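1. Predicted model and sequence below, questions to follow.
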Amino acid sequence: MTAVTHEAGAPFGAAPPGAGGEAIVTRGLTKRFRGGQVAVDALDLAVPRGSVFGFLGPNGSGKTTTIRMLLGLVAPTAGEFSVLGTRPAEALPRVGALVEGPAFYPYLSGEANLRRFDAADPTASRGTAARRIAEALERVGLTAAAGKRYRNYSLGMRQRLAIAAALLGPRELLILDEPTNGLDPQGTREVRTLVKEIASDGTTVFVSSHLLAEVEQMCTHAAIMRAGRLVAHGTIASLNAGTAARVRVETPDAPGAAQVLRGLGLADVRVEEIDGADARARLVSAELGGHAPERLNAALVEQGVAVRGLAVARPSLEDVFVRLTGEGFDVDG
Ligand SMILES: Nc1ncnc2c1ncn2[C@@H]1O[C@H](COP(=O)(O)OP(=O)(O)OP(=O)(O)O)[C@@H](O)[C@H]1O
């Protein structure tokens, strides 16, 4: 593929990437900073319209640089991309973004701050400003607090106001860079709820995060970055399916249980100690495969193996991410 940079303004091919219904498409998108550091390395991304797309990765993995390229704030070194099926410059009026929080005046009300923010946009019509601001405040649930000074807003309200600033005007795509960073648990909940509400109106939301639980709770799709490279990409369900479920049997007869499970054809049978439990009890685990847990239980009992407990452990997204990125994630929202 020919390397085309957004900065060079070279046209996409006959069919621009993203013409088929994706909100964002990137092909081979690369950013090498002066000094040789490759922040984003040949990124191929497809963000379906209508999705809440989690852009997940540890700090420094290239998320902000990618977002800055998508918004035309930094020029790619190589690769091509489209936003809402077209060139970024054409799409931008339909894109709301929160990259670095807007600077709000503490002594002005939320509404007055939005008015100043809106006035700075040369493309926005003055005649419709009041309606635009009222709608944005309504959308983030700040209508009742519109007249309150910004300095008296809670952290969650401040971030909701920042999102309102990104929603001035009709937006088809909202790009949020770490929108819950620095928020308290209440503020985090408010932002998550707001993101889901915005998405339920049909707006595509592309949200970066280093918090796994956050992406799991609010996103339909995710991409996982590691050191500038994409290591996984798909629906949350398909990413979750990346690791096999295991059955875990607690029993005083570990050799017997292991033999029964192996006899039934289960793979990767392991015997583990149980910390703090009866010294005679052991945990026998195996890949569940297509077996019904209740049939396994019946087979164990029929063959004289005492079963103290049987559970199926579904792999968490965290297991998948740790395996892919080689790093632990903050799992607390
Ligand atoms: N202007 C710059 N000049 C040189 N290197 C940069 C620049 N901006 C970012 N980098 C480097 O590029 C890499 C990716 O940074 P980036 O900010 O995109 O990651 P991130 O995943 O968004 O992390 P964070 O959440 O910490 O911002 C990092 O190693 C960073 O130090």
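-> Good, I have the coordinates.
2. ranges for the helices of the stretch 101-250 of the chain?
-> 110-119, 129-139, 155-166, 185-200, 212-218, 236-240 (DSSP state H, counting those that start in this stretch).
3. So the worst-scoring helix or strand of the chain on mean pLDDT, near the ligand or not?
-> Across the helices and strands of the chain, mean pLDDT, DSSP states H and E gives its lowest value to helix 317-325, namely a mean of 71. No - between helix 317-325 and the ligand, judged by Cβ under 6 Å from any ligand atom, nothing touches; the nearest distance is 11.5 Å. In short, each C-beta sits where N, CA and C put it, glycine included.
4. Check which helices and strands that helix sits against.
-> helix 212-218, strand 221-226, strand 229-235, helix 236-240 (3 or more Cβ pairs under 8 Å, 6 or more residues apart in numbering; DSSP states H and E).
5. Alpha carbons only: can I get the shortest one in CSV?
-> Looking back up the chat, that one is helix 236-240. What follows is helix 236-240, C-alpha atoms only, in CSV (Å, rounded to 0.1, in the frame of the first residue of the first chain):
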residue,chain,number,x,y,z
ILE,A,236,-15.5,-7.6,24.1
ALA,A,237,-17.1,-11.1,23.8
SER,A,238,-14.7,-12.3,21.2
LEU,A,239,-11.7,-11.0,23.2
ASN,A,240,-13.1,-12.8,26.3
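6. contacting residues for M218?
-> Counting by Cβ atoms under 8 Å, 6 or more residues apart in numbering, M218 touches 52, 54, 192, 195-196, 207.
7. Greatest separation within these: which pair is it?
-> G54 and K196 (12.5 Å; Cβ to Cβ).
8. neighbour-wise, which of these two wins?
-> G54 (27 against 14; other Cβ atoms under 10 Å).
9. which element follows the helix or strand harbouring that one toward the C-terminus?
-> Here G54, judged by DSSP states H and E, is contained in strand 52-56. For strand 52-56, the succeeding helix or strand toward the C-terminus, using DSSP H and E, is helix 63-70.
10. Is there proximity between that next one and the ligand?
-> Yes - using Cβ under 6 Å from any ligand atom, helix 63-70 reaches the ligand at 63-65.
11. Next, count neighbours for S125.
-> 9.
12. Spit out the contact partners of it.
-> S125 makes no contacts at all, as judged by Cβ under 8 Å, 6+ apart.
13. show me where pLDDT drops low in this structure?
-> Low-confidence segments of the chain (pLDDT under 70): 1-20, 241-243, 274-280, 315, 325-333.
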